[in-house]
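Engineer: Provide a 3D model corresponding to the input given below.
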Amino acid sequence: MTTGVTEPRRMGSPVPLTGVVRSRRRRTALLFGLPVSVLLAVLVGWPLLNGFLISLQRITPTAPPGWIGIANYKSVLTDGVFWDTVKVTLIFSVISLAIEFSIGLALALMLARVVRGSGSIRTLILIPVMLTPAVAAINFRVMLNYDYGLINYLLEQLGFKSQAWVSQGGIGPMLALIMTDVWRSTPFFVLVLSSGLLALPHDVIEAADIDGASTWRRLTLVKMPLLFPLILVTILFRIIDLFRTFDIVYVLTQGGPGTATTVTSLQVYNDLQVGNFTSYASTEAMVFLVLTLVVSVSLIRILRRQD
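Structural biologist: Model prediction:
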């Protein structure tokens with residue numbers, strides 16, 4: 001039997017939304033998001049569209065301009081020089097990423113054990129990141145000098161011969177690029193991973209200690225799985241950054257000797273600025289953008305599976 005008295009709503013219980021309120025909130029959200037959408041369309045969408053339109057044309061110093069459709073894409077996809085630069089970019093990126101992550105994780109684990117002075121240590125470690133890639137490359141070009149470079153001096157003191165790092169054939173020039181990038185970018189991993197280690201739930205770590213797990217098992221079975229999403233996001237950002245590397249290569253080796261260290265971004269620059277093959281350079285950039293998107297989307301799918 002009902003008494004006709006409505007029971008008062010409990011404090012904190014959600015108020016049901018009517019259709020009018022929902023549509024009003026949706027319009028408000030769209031209104032607030034409109035400026036950002038327009039800004040992204042102008043800053044990102046238009047340059048991409050313009051680059052794609054240029055890639056469909058013939059713009060060279062020796063022929064009249066005109067629309068040629070996908071002819072440039074057919075040429076790029078069968079261009080051995082372009083794919084050699086992609087190979088160089090992948091080798092440089094994978095090796096640099098592996099070294100940076102390994103050293104960064106080791107330093108982050110050591111910093112996690114430091115109680116006093118950890119803030120000052122992190123500040124010192126971050127100094128290389130504050131330098132621009134060009135400045136870092138200039139510093140390493142001096143240190144790698146055959147006659148008076150610091151690295152060759154240290155090699156001589158250890159009983160080894162001096163090396164012409166950036167001018168001789170072999171793996172020397174690639175090692176010079178990798179050393180420069182590792183020195184400059186490893187602090188990025190140190191900062192992110194050390195912050196992630198500090199944010200791990202202490203009760204889980206303590207439970208592993210109580211169960212008698214060794215240091216290695218705590219790292220591989222407890223900490224690394226918890227850090228996995230953060231690690232994937234960090235690797236994603238670094239891969240995108242490595243794929244578009246230009247400054248270090250241009251200053252340190254200029255792609256030499258020959259084309260041994262010519263990454264894709266430098267090849268696009270050479271075709272655009274040196275050869276004046278505007279449409280072909282734009283096509284190379286669009287193709288490499290697609291390759292970068294494929295790698296990025298693959299990592300994002302792995303991250304979603306982990307979540």
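Engineer: Residue 170 belongs to a helix?
Structural biologist: No - assignment of residue 170 by DSSP: H, G, I helix; E, B strand; the rest coil gives coil, placing it outside any helix.
Engineer: ok, and the helix or strand in the chain with the lowest average confidence?
Structural biologist: Lowest on mean pLDDT, DSSP states H and E among the helices and strands of the chain sits helix 118-125, with a mean of 78.
Engineer: what about this protein, any weak spots by pLDDT?
Structural biologist: For the chain, the stretches flagged by pLDDT under 70 are 1-21, 115, 117-118, 306-307.
Engineer: Can you give me the domain boundaries for it?
Structural biologist: Annotated domains of the chain cover 19-55, 75-306 [automatic domain parsing].
Engineer: okay, those domains in TSV with distance to residue 69 and mean neighbour count next?
Structural biologist: Placement of C-beta: from N, CA and C, glycine included. As requested, these are exported to TSV (distance: least, CB to CB, whole Å; neighbours: other CB atoms under 10 Å):
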stretch	distance to residue 69	mean neighbour count
domain 19-55	10	11
domain 75-306	11	16
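Engineer: nearest to residue 62, of the ones you listed?
Structural biologist: Nearest of the domains of the chain to residue 62, taken as CB to CB: domain 75-306 at 9.1 Å.
Engineer: Geometric centre of this structure: which residue is closest?
Structural biologist: The centroid of the chain falls nearest to residue 238 when counting by CA atoms, centre = their mean (2.1 Å).
Engineer: right, and it touches residue 99 too?
Structural biologist: No - applying CB atoms under 8 Å, one finds residue 238 not in contact with residue 99, separated by 11.5 Å.
Engineer: ok, back up a step: next SSE after the least confident helix or strand of the chain?
Structural biologist: Reading on from helix 118-125 to the C-terminus, the next helix or strand found by DSSP states H and E is helix 127-130.
Engineer: In terms of secondary structure, what does the least confident helix or strand of the chain contact?
Structural biologist: Helix 118-125 sits against helix 80-112, helix 172-198, with contacts defined as 3 or more CB pairs under 8 Å, 6 or more residues apart in numbering; DSSP states H and E.
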